[in-house]
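Colleague: how would this look folded up:
(2 chains)
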Protein chains: 2
Amino acid sequence: MAYELYYWDGIQGRGEFIRLALEEAGADYLDVARSSVGAQKMMAYLQGKQGYLDMPFAPPFLKDGDLVVSHLANILQYLGPKMNLVPDDERTRVFAHGVQLTISDFIAEVHDTHHPISTADYYEDQKPEAKARTTSFLKHRVPKFIGYFDRLIDCNPVKSGHVIGGSLSYVDLSLFQLAEGLTYAFPRAMVGFDRNYPHVATLRDQVRQRPRIASYLKSDRRLAFNESGIFRHYPELDQDPA
Amino acid sequence: MAYELYYWDGIQGRGEFIRLALEEAGADYLDVARSSVGAQKMMAYLQGKQGYLDMPFAPPFLKDGDLVVSHLANILQYLGPKMNLVPDDERTRVFAHGVQLTISDFIAEVHDTHHPISTADYYEDQKPEAKARTTSFLKHRVPKFIGYFDRLIDCNPVKSGHVIGGSLSYVDLSLFQLAEGLTYAFPRAMVGFDRNYPHVATLRDQVRQRPRIASYLKSDRRLAFNESGIFRHYPELDQDPA
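Modeller: This next block holds a predicted model:
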């Protein structure tokens, strides 16, 4: 039976990190909420109409048979072993999940660059604060997070160019999406990305060229980055490298 | 062998959610970084001196023998089954972890009420923005998150008063800490907490009275809430109920 992915239509958002894993694995899945009937079905879950264990706080969530898994990192932790996107041993899996949770934290910070005051208000209502938050984000947070991920690849004793062990994991796919998103949102500030984070940059290029990912990126299943998503390109928030 | 918990000294912070689980279980644990030698030991991990799989991005992290587990929700997911703080079946565990990740997201939003622009700057340098963010947080985010948790308890088919199944889980302990923290930080705004979120309030009171928790709260292992932690009481950010 196909996996059912539930996520807001029209944006890559957090759903994209799961799509990349499903696509790389060649998994059979349905992107449910990309039709109006599917969107209603998603709302029924959020409203608790499917029952107590099937009432996620927010998309994305994944349905696999009777099981509903909510939260990006939880979903990838669940799918990883089934799709051969994480090694077998507990120590490595626990580590991979910790790294993925760090990625989740970073995604929330990316979102807050354009919504530092309130998600209930428009970006246009919080532009000066967004500029201030973005300045700090580019100066402090990008180097701290992406520098950490770069160091993990560098320190990997297998020297595979991957974050986890000797082969591709869901963490690598998520790092690809972070690198692409940052460059979309802040093309000026990210001019030195490849020089500053050479291991992440190399990994990004390798992921982009994987046959299934390359084919996905060209398909209409891949939505374009846009200004309703997490990574938004507002030229006034971009700046020269810190 | 005792568990080793690593977290910043002097604050409850994210470490407190783990302490509560360890204390409730009567587990043998060491709060390592509450000595200067221990703090240095923690820094060695963060600097990667203990090796690649033992390089967390940030505290809290837990050491159990050779295994290093990083991130609040990852640690509770790991400890839960060992300490009988989550049911056995996969469906319930996956659900519990999803709820705990929702709690993690909320904790980050609590922190941003006093640091909406930059964690690299002092609260005093971002007070007007903190006021604006807090207003939106109290109006929109507290009802959305705490209302969701309240609804979960209400919808639990077992009607146990717990979030997960028929008995206490690590999720309940975390909700206790959220409820206590919100009331510490925003005593005026939380005046109606018990009326608005009756199930969470009842659960909070029951957790507070559990023998091991009651004894922990009176001990010097429990640090007081303070203005270096996540829940900070700044009277100027508090307000009448929304």
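Colleague: domains for chain A, by residue range?
Modeller: A:3-82, A:90-237 (automatic domain parsing).
Colleague: what about the longest one, distance to the chain center?
Modeller: Between the centre of domain A:90-237 and the centre of its host chain there is 7 Å, according to CA atoms, centre = their mean, to the nearest Å.
Colleague: That domain spans what distance, first to last residue?
Modeller: 42 Å (CA to CA, to the nearest Å).
Colleague: and what of the shortest one?
Modeller: Its first and final residues considered, domain A:3-82 spans 12 Å by CA to CA.
Colleague: Can you list the helices and strands that the longest helix seen in chain A packs against?
Modeller: Secondary structure assigned by DSSP state H gives helix A:90-114 as the longest helix of chain A. Here helix A:90-114 touches helix A:72-82, helix A:127-136, helix A:142-155, helix A:170-185, strand B:67-70, helix B:72-82, helix B:90-114, going by 3 or more CB pairs under 8 Å, 6 or more residues apart in numbering or on different chains; DSSP states H and E. C-beta coordinates here come from the backbone N, C-alpha and C atoms, glycine included.
Colleague: Just the buried positions in the longest one, please.
Modeller: Judged by neighbour count (16 or more other CB atoms under 10 Å in any protein chain shown), helix B:90-114 contains these buried residues: B:93-107, B:109-114.
Colleague: cool, and stretch A:48-65?
Modeller: Neighbour-count burial for stretch A:48-65, counted by 16+ other CB under 10 Å, picks out A:48, A:52-57, A:59-64.
Colleague: So for B:Tyr216, which of the helices and strands packed on helix A:90-114 sits nearest?
Modeller: helix B:72-82 (15.8 Å; CB to CB).
Colleague: Show me what the closest one is in contact with.
Modeller: Here helix B:72-82 makes contact (CB atoms under 8 Å, 6 or more residues apart in numbering or on different chains) with A:94, A:97-98, A:101, B:3, B:14, B:17-18, B:21-22, B:25, B:27, B:60-62, B:64, B:69, B:85-86, B:88, B:93, B:96-97, B:100-101, B:103-104, B:107, B:169-170, B:174.
Colleague: Now with 6 Å, please.
Modeller: By CB atoms under 6 Å, 6 or more residues apart in numbering or on different chains, the surrounding residues in contact with helix B:72-82 are A:97-98, A:101, B:14, B:17-18, B:21, B:62, B:69, B:86, B:97, B:100-101, B:104, B:170.
Colleague: Keep only those of the buried residues of stretch A:48-65 that are also close to chain B.
Modeller: Among the buried residues of stretch A:48-65, the residues lying close to chain B (CB under 6 Å from any CB of the partner chain) are A:Tyr52, A:Leu53, A:Phe57.
Colleague: Going by distance to A:Glu124, which of these wins?
Modeller: Checking those one by one against A:Glu124 (CB to CB), the nearest turns out to be A:Phe57, at 27.1 Å.
Colleague: Backbone torsions only: list them for that closest one.
Modeller: phi -70, psi -40 (degrees, to the nearest 10).
Colleague: sorry, back to before: same list (the helices and strands packed on helix A:90-114) but as TSV, adding distance to B:Ala33 and mean pLDDT.
Modeller: Formatted as TSV, these follow (distance: least, CB to CB, whole Å; pLDDT from 0 to 100):
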stretch	distance to B:Ala33	mean pLDDT
helix A:72-82	25	98
helix A:127-136	26	98
helix A:142-155	20	98
helix A:170-185	27	98
strand B:67-70	14	97
helix B:72-82	15	98
helix B:90-114	19	98
